[in-house]
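# Sequence first, predicted model second:
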Amino acid sequence: MTDPKSYVIENARLVLPDRVVEEGWLAVDDGRIAEIGEGKAPERGMDLAGDHLIPGLVELHTDHLESHFSPRPHVRWHALASVMAYDAQIAAAGITTVFDSLRAGSDIDIKSIGADLQTLADAVDQARRTGHLRADHRTHIRCEIATPDVIEHLETLMARHPVHLMSLMDHTPGQRQFRDLETWRRFYIRRKDVSEAHVDQLVGQRLELHALYAKENRAKLIEIAERAGAVLASHDDATAEHAAEAAREGVAVAEFPTTVEAAEALHDAGIVVMMGGPNIVRGGSHSGNVAAEELARAGLLDILSSDYVPASLLMSAFELPRRAANIDLATAIRAVTRAPAEATGLHDRGALEPGKRADLVRVHLVETTPIVRQVWREGTRVS
(Lines give C-alpha, C1' and ligand atoms only; values in the text may rest on other atoms or scores of the structure.)
Protein backbone atom coordinates (compact mmCIF):
# COMPACT_ATOMS: atom_id res chain seq x y z
CA MET A 1 0.00 0.00 0.00
CA THR A 2 1.35 3.45 -0.89
CA ASP A 3 2.42 5.60 2.03
CA PRO A 4 0.51 8.90 1.56
CA LYS A 5 3.36 10.84 3.21
CA SER A 6 6.40 9.30 1.54
CA TYR A 7 6.51 7.40 -1.74
CA VAL A 8 8.23 7.05 -5.11
CA ILE A 9 6.73 7.40 -8.57
CA GLU A 10 8.70 5.53 -11.24
CA ASN A 11 8.77 4.76 -14.96
CA ALA A 12 7.37 8.20 -15.79
CA ARG A 13 7.98 10.65 -18.59
CA LEU A 14 8.88 13.70 -16.47
CA VAL A 15 8.10 17.15 -17.84
CA LEU A 16 10.69 19.37 -16.17
CA PRO A 17 10.75 23.19 -16.59
CA ASP A 18 13.33 23.02 -19.41
CA ARG A 19 13.07 19.51 -20.90
CA VAL A 20 11.32 16.16 -20.93
CA VAL A 21 13.00 13.15 -19.28
CA GLU A 22 11.84 10.09 -21.20
CA GLU A 23 12.25 7.70 -18.26
CA GLY A 24 12.52 9.06 -14.75
CA TRP A 25 11.35 8.89 -11.17
CA LEU A 26 10.26 11.29 -8.47
CA ALA A 27 10.20 10.91 -4.69
CA VAL A 28 7.60 12.62 -2.49
CA ASP A 29 8.05 13.28 1.21
CA ASP A 30 5.54 15.05 3.44
CA GLY A 31 3.79 16.87 0.62
CA ARG A 32 6.93 18.10 -1.14
CA ILE A 33 9.04 16.82 -4.01
CA ALA A 34 12.08 15.31 -2.27
CA GLU A 35 14.16 14.07 -5.20
CA ILE A 36 14.05 13.60 -8.97
CA GLY A 37 16.13 11.20 -11.04
CA GLU A 38 16.61 9.79 -14.53
CA GLY A 39 16.47 6.10 -15.45
CA LYS A 40 15.46 3.39 -13.00
CA ALA A 41 14.28 4.44 -9.54
CA PRO A 42 16.47 3.46 -6.54
CA GLU A 43 13.50 1.62 -5.04
CA ARG A 44 10.22 0.23 -6.32
CA GLY A 45 7.39 2.71 -6.44
CA MET A 46 4.19 3.54 -8.25
CA ASP A 47 4.71 2.47 -11.88
CA LEU A 48 3.30 5.05 -14.33
CA ALA A 49 3.98 2.74 -17.30
CA GLY A 50 5.54 5.55 -19.33
CA ASP A 51 2.77 8.11 -18.80
CA HIS A 52 3.68 11.78 -18.48
CA LEU A 53 4.09 13.27 -15.01
CA ILE A 54 3.64 17.05 -14.97
CA PRO A 55 3.19 19.68 -12.23
CA GLY A 56 -0.36 20.40 -11.09
CA LEU A 57 -1.99 22.99 -13.34
CA VAL A 58 -2.47 26.55 -12.07
CA GLU A 59 -5.64 28.22 -13.38
CA LEU A 60 -6.05 32.00 -13.12
CA HIS A 61 -9.35 32.64 -14.92
CA THR A 62 -12.22 30.19 -15.02
CA ASP A 63 -15.88 31.22 -15.25
CA HIS A 64 -16.95 27.68 -14.49
CA LEU A 65 -18.10 28.09 -10.87
CA GLU A 66 -20.78 30.58 -11.93
CA SER A 67 -22.12 28.18 -14.56
CA HIS A 68 -22.55 25.48 -11.89
CA PHE A 69 -24.37 27.95 -9.63
CA SER A 70 -26.53 29.42 -12.41
CA PRO A 71 -27.02 26.59 -14.92
CA ARG A 72 -29.97 28.36 -16.58
CA PRO A 73 -31.02 32.04 -16.82
CA HIS A 74 -32.72 33.10 -13.56
CA VAL A 75 -31.92 29.72 -11.93
CA ARG A 76 -29.71 29.55 -8.81
CA TRP A 77 -28.52 26.11 -7.63
CA HIS A 78 -27.52 25.13 -4.08
CA ALA A 79 -24.33 27.09 -3.48
CA LEU A 80 -22.27 24.49 -1.58
CA ALA A 81 -23.36 21.71 -3.94
CA SER A 82 -22.31 23.92 -6.86
CA VAL A 83 -18.89 24.48 -5.32
CA MET A 84 -18.35 20.77 -4.72
CA ALA A 85 -19.33 19.80 -8.28
CA TYR A 86 -17.11 22.54 -9.70
CA ASP A 87 -14.17 21.57 -7.48
CA ALA A 88 -14.42 17.92 -8.55
CA GLN A 89 -14.38 18.94 -12.22
CA ILE A 90 -11.43 21.25 -11.67
CA ALA A 91 -9.39 18.51 -9.98
CA ALA A 92 -10.32 15.94 -12.63
CA ALA A 93 -8.95 18.37 -15.23
CA GLY A 94 -5.54 18.28 -13.50
CA ILE A 95 -5.90 21.72 -11.89
CA THR A 96 -4.49 21.79 -8.35
CA THR A 97 -4.53 25.58 -7.84
CA VAL A 98 -7.52 27.56 -9.09
CA PHE A 99 -8.42 31.23 -8.89
CA ASP A 100 -12.22 31.13 -8.72
CA SER A 101 -13.35 33.91 -11.05
CA LEU A 102 -16.35 35.73 -9.60
CA ARG A 103 -17.96 38.74 -11.21
CA ALA A 104 -18.60 42.01 -9.38
CA GLY A 105 -20.97 44.52 -11.02
CA SER A 106 -24.50 43.90 -12.34
CA ASP A 107 -25.64 43.66 -15.94
CA ILE A 108 -28.63 45.82 -16.88
CA ASP A 109 -30.27 43.42 -19.33
CA ILE A 110 -30.30 40.25 -17.24
CA LYS A 111 -30.39 39.45 -13.56
CA SER A 112 -26.68 39.43 -12.83
CA ILE A 113 -24.81 36.88 -10.81
CA GLY A 114 -22.89 39.82 -9.35
CA ALA A 115 -25.38 40.07 -6.49
CA ASP A 116 -24.60 36.43 -5.62
CA LEU A 117 -20.90 37.11 -5.17
CA GLN A 118 -21.08 36.85 -1.40
CA THR A 119 -23.11 33.63 -1.50
CA LEU A 120 -20.54 31.87 -3.68
CA ALA A 121 -17.54 33.16 -1.71
CA ASP A 122 -19.17 31.98 1.53
CA ALA A 123 -19.77 28.53 0.02
CA VAL A 124 -16.16 28.18 -1.14
CA ASP A 125 -14.99 29.23 2.32
CA GLN A 126 -17.31 26.71 3.99
CA ALA A 127 -15.98 23.90 1.80
CA ARG A 128 -12.40 24.96 2.55
CA ARG A 129 -12.92 25.16 6.33
CA THR A 130 -14.50 21.72 6.44
CA GLY A 131 -11.68 20.18 4.40
CA HIS A 132 -13.77 19.17 1.40
CA LEU A 133 -11.89 20.88 -1.42
CA ARG A 134 -9.67 18.88 -3.74
CA ALA A 135 -7.89 21.88 -5.28
CA ASP A 136 -6.30 24.91 -3.60
CA HIS A 137 -8.87 27.68 -4.19
CA ARG A 138 -7.99 31.37 -4.34
CA THR A 139 -10.16 34.32 -5.37
CA HIS A 140 -10.14 36.26 -8.64
CA ILE A 141 -12.68 39.10 -8.77
CA ARG A 142 -13.66 40.15 -12.30
CA CYS A 143 -14.70 43.77 -11.92
CA GLU A 144 -17.05 45.16 -14.59
CA ILE A 145 -16.05 48.82 -14.37
CA ALA A 146 -19.04 50.37 -16.20
CA THR A 147 -21.61 49.35 -13.59
CA PRO A 148 -23.12 51.32 -10.69
CA ASP A 149 -22.58 48.63 -8.03
CA VAL A 150 -19.14 47.12 -8.72
CA ILE A 151 -17.44 48.97 -5.83
CA GLU A 152 -20.24 48.05 -3.41
CA HIS A 153 -20.05 44.36 -4.43
CA LEU A 154 -16.29 44.27 -4.05
CA GLU A 155 -16.09 46.06 -0.69
CA THR A 156 -18.84 43.87 0.76
CA LEU A 157 -16.94 40.78 -0.31
CA MET A 158 -13.57 42.01 0.93
CA ALA A 159 -15.00 42.69 4.39
CA ARG A 160 -15.20 38.90 4.83
CA HIS A 161 -12.89 37.26 2.29
CA PRO A 162 -9.37 37.83 0.89
CA VAL A 163 -9.00 38.71 -2.79
CA HIS A 164 -5.85 37.50 -4.55
CA LEU A 165 -6.38 38.66 -8.14
CA MET A 166 -8.49 41.49 -9.58
CA SER A 167 -9.21 42.08 -13.26
CA LEU A 168 -10.63 45.25 -14.79
CA MET A 169 -13.25 44.43 -17.42
CA ASP A 170 -15.20 46.70 -19.75
CA HIS A 171 -17.66 44.90 -22.02
CA THR A 172 -19.38 48.10 -23.18
CA PRO A 173 -20.31 47.96 -26.89
CA GLY A 174 -17.58 49.73 -28.85
CA GLN A 175 -14.88 49.03 -26.25
CA ARG A 176 -11.99 46.53 -26.25
CA GLN A 177 -13.29 43.01 -27.11
CA PHE A 178 -16.08 44.65 -29.12
CA ARG A 179 -14.38 47.72 -30.58
CA ASP A 180 -16.51 47.25 -33.69
CA LEU A 181 -20.07 48.07 -32.62
CA GLU A 182 -21.56 45.98 -35.42
CA THR A 183 -19.60 42.94 -34.22
CA TRP A 184 -21.11 43.40 -30.76
CA ARG A 185 -24.61 43.75 -32.24
CA ARG A 186 -24.29 40.52 -34.26
CA PHE A 187 -22.80 38.67 -31.28
CA TYR A 188 -25.59 39.81 -28.93
CA ILE A 189 -28.45 39.15 -31.32
CA ARG A 190 -27.11 35.65 -32.02
CA ARG A 191 -26.86 34.85 -28.29
CA LYS A 192 -30.09 36.46 -27.08
CA ASP A 193 -32.42 36.17 -30.06
CA VAL A 194 -33.74 39.72 -29.58
CA SER A 195 -34.90 42.47 -31.95
CA GLU A 196 -32.81 45.22 -33.52
CA ALA A 197 -34.84 47.79 -31.59
CA HIS A 198 -34.05 46.08 -28.27
CA VAL A 199 -30.35 46.05 -29.10
CA ASP A 200 -30.39 49.75 -30.06
CA GLN A 201 -31.96 50.60 -26.71
CA LEU A 202 -29.45 48.43 -24.83
CA VAL A 203 -26.48 50.00 -26.61
CA GLY A 204 -27.68 53.45 -25.59
CA GLN A 205 -28.09 52.40 -21.95
CA ARG A 206 -24.66 50.80 -21.81
CA LEU A 207 -22.92 53.76 -23.37
CA GLU A 208 -24.59 55.99 -20.78
CA LEU A 209 -23.37 53.74 -17.94
CA HIS A 210 -19.87 53.79 -19.40
CA ALA A 211 -19.85 57.58 -19.41
CA LEU A 212 -21.12 57.71 -15.83
CA TYR A 213 -19.01 55.03 -14.13
CA ALA A 214 -16.09 53.53 -16.09
CA LYS A 215 -13.34 56.08 -15.47
CA GLU A 216 -14.13 56.73 -11.81
CA ASN A 217 -14.61 53.04 -10.94
CA ARG A 218 -11.39 52.02 -12.68
CA ALA A 219 -9.37 54.44 -10.54
CA LYS A 220 -11.09 53.30 -7.32
CA LEU A 221 -10.58 49.62 -8.13
CA ILE A 222 -6.86 50.12 -8.72
CA GLU A 223 -6.59 51.81 -5.30
CA ILE A 224 -8.47 48.92 -3.66
CA ALA A 225 -6.24 46.31 -5.31
CA GLU A 226 -3.12 48.11 -4.15
CA ARG A 227 -4.35 48.35 -0.55
CA ALA A 228 -5.33 44.67 -0.55
CA GLY A 229 -2.08 43.47 -2.12
CA ALA A 230 -4.04 41.80 -4.93
CA VAL A 231 -2.40 41.11 -8.28
CA LEU A 232 -3.95 43.38 -10.91
CA ALA A 233 -4.98 42.18 -14.38
CA SER A 234 -6.20 44.06 -17.45
CA HIS A 235 -8.79 42.50 -19.74
CA ASP A 236 -9.25 42.52 -23.51
CA ASP A 237 -6.57 45.12 -24.23
CA ALA A 238 -6.93 46.07 -27.90
CA THR A 239 -4.45 48.88 -28.57
CA ALA A 240 -0.98 50.13 -27.63
CA GLU A 241 -2.78 52.85 -25.63
CA HIS A 242 -4.53 50.21 -23.56
CA ALA A 243 -1.15 48.57 -22.89
CA ALA A 244 0.38 51.90 -21.83
CA GLU A 245 -2.57 52.50 -19.50
CA ALA A 246 -2.12 49.03 -17.98
CA ALA A 247 1.59 49.67 -17.41
CA ARG A 248 0.85 52.99 -15.63
CA GLU A 249 -1.70 51.27 -13.41
CA GLY A 250 0.64 48.51 -12.22
CA VAL A 251 -1.01 45.66 -14.11
CA ALA A 252 0.94 42.39 -13.91
CA VAL A 253 -1.19 40.11 -16.10
CA ALA A 254 -2.98 40.96 -19.35
CA GLU A 255 -6.00 38.72 -19.92
CA PHE A 256 -6.91 37.96 -23.50
CA PRO A 257 -5.49 40.90 -25.51
CA THR A 258 -7.47 41.08 -28.72
CA THR A 259 -4.75 42.18 -31.19
CA VAL A 260 -1.09 41.51 -31.96
CA GLU A 261 -0.46 45.24 -31.51
CA ALA A 262 -1.69 45.16 -27.91
CA ALA A 263 0.18 41.93 -27.07
CA GLU A 264 3.46 43.34 -28.39
CA ALA A 265 3.06 46.55 -26.40
CA LEU A 266 2.15 44.61 -23.24
CA HIS A 267 5.24 42.42 -23.60
CA ASP A 268 7.43 45.46 -24.16
CA ALA A 269 6.03 46.88 -20.91
CA GLY A 270 6.93 43.69 -19.00
CA ILE A 271 3.33 42.53 -18.57
CA VAL A 272 2.72 38.81 -19.05
CA VAL A 273 0.12 37.84 -21.65
CA MET A 274 -2.57 35.24 -20.93
CA MET A 275 -4.78 33.67 -23.60
CA GLY A 276 -7.58 31.15 -23.49
CA GLY A 277 -7.06 27.42 -23.85
CA PRO A 278 -10.27 27.10 -25.90
CA ASN A 279 -8.76 29.57 -28.38
CA ILE A 280 -5.86 27.12 -28.94
CA VAL A 281 -8.02 23.99 -29.04
CA ARG A 282 -10.60 25.54 -31.41
CA GLY A 283 -7.93 27.14 -33.60
CA GLY A 284 -9.08 30.72 -33.03
CA SER A 285 -11.16 33.22 -31.08
CA HIS A 286 -14.93 32.64 -30.90
CA SER A 287 -15.46 36.43 -31.12
CA GLY A 288 -13.13 37.08 -34.05
CA ASN A 289 -10.14 38.47 -32.15
CA VAL A 290 -6.50 37.41 -32.51
CA ALA A 291 -5.75 33.68 -32.42
CA ALA A 292 -3.72 32.55 -29.42
CA GLU A 293 -1.50 30.38 -31.62
CA GLU A 294 -0.55 33.48 -33.65
CA LEU A 295 0.70 35.13 -30.45
CA ALA A 296 2.49 31.90 -29.48
CA ARG A 297 4.35 31.77 -32.80
CA ALA A 298 5.35 35.42 -32.29
CA GLY A 299 6.72 34.68 -28.79
CA LEU A 300 3.96 36.78 -27.17
CA LEU A 301 2.06 34.13 -25.19
CA ASP A 302 3.11 33.48 -21.57
CA ILE A 303 0.12 31.91 -19.80
CA LEU A 304 -2.87 29.82 -20.82
CA SER A 305 -6.21 29.81 -18.99
CA SER A 306 -9.10 27.36 -19.30
CA ASP A 307 -11.58 30.30 -19.45
CA TYR A 308 -14.91 28.48 -19.87
CA VAL A 309 -13.82 24.80 -20.33
CA PRO A 310 -11.62 23.38 -17.52
CA ALA A 311 -10.33 20.48 -19.64
CA SER A 312 -9.03 22.91 -22.25
CA LEU A 313 -6.10 23.89 -20.03
CA LEU A 314 -4.33 20.53 -20.37
CA MET A 315 -5.52 20.00 -23.95
CA SER A 316 -4.17 23.35 -25.09
CA ALA A 317 -0.77 22.73 -23.46
CA PHE A 318 -0.32 19.44 -25.33
CA GLU A 319 -1.72 20.96 -28.55
CA LEU A 320 0.45 24.08 -28.52
CA PRO A 321 3.71 22.46 -29.77
CA ARG A 322 1.81 21.19 -32.82
CA ARG A 323 0.52 24.70 -33.56
CA ALA A 324 3.73 26.64 -32.89
CA ALA A 325 7.06 25.13 -34.00
CA ASN A 326 9.03 27.42 -31.67
CA ILE A 327 7.37 25.88 -28.58
CA ASP A 328 8.27 22.47 -27.15
CA LEU A 329 6.24 20.50 -24.60
CA ALA A 330 8.25 21.72 -21.60
CA THR A 331 7.63 25.34 -22.62
CA ALA A 332 3.93 24.70 -23.20
CA ILE A 333 3.54 23.04 -19.79
CA ARG A 334 5.24 26.05 -18.16
CA ALA A 335 2.42 28.21 -19.56
CA VAL A 336 -0.10 26.30 -17.43
CA THR A 337 2.04 25.72 -14.34
CA ARG A 338 5.12 27.78 -13.44
CA ALA A 339 4.22 30.95 -15.39
CA PRO A 340 0.77 31.50 -13.79
CA ALA A 341 2.15 30.52 -10.37
CA GLU A 342 4.99 33.06 -10.56
CA ALA A 343 2.73 35.79 -11.99
CA THR A 344 0.61 35.56 -8.84
CA GLY A 345 3.45 35.19 -6.34
CA LEU A 346 3.06 31.43 -5.75
CA HIS A 347 6.70 30.42 -5.87
CA ASP A 348 6.22 27.17 -3.94
CA ARG A 349 4.57 25.30 -6.84
CA GLY A 350 4.38 24.94 -10.61
CA ALA A 351 7.47 22.85 -11.39
CA LEU A 352 8.89 19.36 -10.89
CA GLU A 353 11.78 20.48 -8.70
CA PRO A 354 12.99 19.32 -5.26
CA GLY A 355 11.42 21.45 -2.53
CA LYS A 356 8.31 22.40 -4.52
CA ARG A 357 4.84 21.29 -3.49
CA ALA A 358 4.08 17.79 -4.70
CA ASP A 359 1.18 18.94 -6.89
CA LEU A 360 1.34 16.32 -9.62
CA VAL A 361 -0.68 15.08 -12.57
CA ARG A 362 -0.36 11.76 -14.39
CA VAL A 363 -1.29 12.19 -18.05
CA HIS A 364 -1.93 9.35 -20.50
CA LEU A 365 -2.08 10.10 -24.21
CA VAL A 366 -4.78 8.54 -26.38
CA GLU A 367 -3.22 9.30 -29.75
CA THR A 368 -2.70 13.06 -29.24
CA THR A 369 -5.42 13.66 -26.63
CA PRO A 370 -4.20 13.99 -23.01
CA ILE A 371 -6.23 12.07 -20.44
CA VAL A 372 -5.84 12.82 -16.73
CA ARG A 373 -5.42 9.56 -14.82
CA GLN A 374 -4.25 10.64 -11.36
CA VAL A 375 -3.89 13.93 -9.51
CA TRP A 376 -2.08 14.70 -6.24
CA ARG A 377 -2.14 17.94 -4.25
CA GLU A 378 0.70 18.33 -1.76
CA GLY A 379 1.35 14.62 -2.16
CA THR A 380 -2.21 13.49 -1.42
CA ARG A 381 -4.30 11.85 -4.13
CA VAL A 382 -7.30 14.10 -4.92
CA SER A 383 -8.53 12.67 -8.22
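That came through, no problem.
# what pLDDT, on average, does stretch 87-102 get?
Stretch 87-102 carries an average pLDDT of 97.
# residue ranges with poor pLDDT in the protein?
Applying pLDDT under 70 to the chain flags the ranges 1-4, 109-115, 191-192.
# Quick one: the helices in it, in order.
64-69, 79-92, 117-129, 150-158, 181-192, 196-209, 215-228, 240-249, 260-268, 277-282, 292-297, 312-323, 329-334, 338-343 (DSSP state H).
# Out of the ones you listed, flag the one nearest Leu53.
Nearest of the helices of the chain to Leu53, taken as Cβ to Cβ: helix 329-334 at 10.7 Å. Every residue, glycine included, has its C-beta placed from N, CA and C.
# Just the residues contacting that closest one, thanks.
Applying Cβ atoms under 8 Å, 6 or more residues apart in numbering, the contact partners of helix 329-334 are 15-20, 54-55, 317-318, 320-321, 351.
# from those, which would you call buried?
Among these, those classed as buried by 16 or more other Cβ atoms under 10 Å are Val15, Leu16, Ile54, Pro55, Ala317, Phe318, Leu320, Pro321, Ala351.
# partner residues bridging the third one?
The reference is to Ile54. Beta-bridge pairing for Ile54 (DSSP bridges): Val361.
# right, and it touches Leu352 too?
Yes. When contacts are counted by Cβ atoms under 8 Å, Ile54 is listed as touching Leu352 (7.4 Å).
# Report the set of residues contacting both of these two.
With Cβ under 8 Å, 6+ apart as the test, Ile54 and Leu352 both reach Val15, Leu360.
# returning to what we had before: pick the one among the buried ones among the contacts of helix 329-334 closest to His74.
Ala317 (36.2 Å).
# Check the gap between the closest one and Val281 for me.
10 Å (Cβ to Cβ, to the nearest Å).
# and if you look at Gln205?
Relative to Val281, Gln205 is positioned 35 Å away (Cβ to Cβ).
# These two: who's more crowded?
Val281 (18 against 11; other Cβ atoms under 10 Å).
# so who does that one touch?
Val309, Ser312, Met315, Ser316, Glu319.
# For the closest residue to the first one other than its chain neighbours, give me its contacts.
In other words, Val309. Nearest residue to Val309 in three dimensions, chain neighbours excluded: Pro278, at 5.4 Å (Cβ to Cβ, 6 or more residues apart in numbering). By Cβ under 8 Å, 6+ apart, the residues touching Pro278 are His286, Ser306, Asp307, Tyr308, Val309, Ser312, Ser316.
# Please look at the third one and Met274 and confirm they touch.
In other words, Asp307. No. Between Asp307 and Met274 no contact is recorded; they are 9.5 Å apart, counting by Cβ under 8 Å.
# anything in contact with each of those two?
In terms of Cβ under 8 Å, 6+ apart, Asp307 and Met274 are both contacted by the residues His61, Phe256.
# re earlier: nearest to His132, of the contacts of Pro278?
Closest to His132, out of all of the contacts of Pro278 and judged by Cβ to Cβ, is Ser306, at 21.7 Å.
# And stretch 203-221, end to end?
24 Å (Cα to Cα, to the nearest Å).
# contacting residues for the closest residue in space to Arg362 that isn't next to it in sequence?
Spatial nearest neighbour of Arg362, chain neighbours left out: Gln374 (4.1 Å); criterion: Cβ to Cβ, 6+ apart. Residues in contact with Gln374 (Cβ under 8 Å, 6+ apart) are Leu360, Val361, Arg362, Arg381, Ser383.
# Most neighbours of all these, which one?
Ranking the contacts of Gln374 using other Cβ under 10 Å puts Val361 first, with 28 neighbours.
# was I right about that one contacting Val58?
No. Val361 lies out of contact with Val58 (Cβ under 8 Å); the separation is 11.3 Å.
# Can you report how many residues lie near Val290?
Counted with other Cβ under 10 Å, residues neighbouring Val290 total 22.
# check contacts around it.
Applying Cβ under 8 Å, 6+ apart, the residues near Val290 are Pro257, Thr258, Thr259, Val260, Ala263.
# Just the buried residues of those.
Pro257, Thr258, Thr259, Ala263.
# from the residues you listed, which two are the most distant?
Thr258 and Ala263 (8.9 Å).
# can you pull the contacts of the closest residue to Asp328 other than its chain neighbours?
Closest residue to Asp328 apart from its sequence neighbours, by Cβ to Cβ, 6+ apart: Pro321 at 5.8 Å. By Cβ under 8 Å, 6+ apart, Pro321 lies in contact with Ile327, Asp328, Leu329, Thr331, Ala332.
# Could you dump the residues you listed into TSV and include distance to Ala240?
Formatted as TSV, the contacts of Pro321 follow (distance: Cβ to Cβ, whole Å):
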residue	distance to Ala240
Ile327	25
Asp328	30
Leu329	33
Thr331	26
Ala332	28
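# Please pick the buried ones from those residues.
Ile327, Leu329, Thr331, Ala332.
# Among these, find me the one that's closest to Gly299.
Ile327 (9.0 Å).
# quick one: the closest one from Ala219, how far?
38 Å.
# Over to Glu208?
Counting by Cβ to Cβ, the gap from Glu208 to Ala219 is 19 Å.
# Take the contacts of Val281 and lay them out in TSV including distance to His235 and neighbour count.
Shown next, in TSV, are those (distance: Cβ to Cβ, whole Å; neighbours: other Cβ atoms under 10 Å):
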residue	distance to His235	neighbour count
Val309	19	18
Ser312	19	23
Met315	23	20
Ser316	19	30
Glu319	24	20
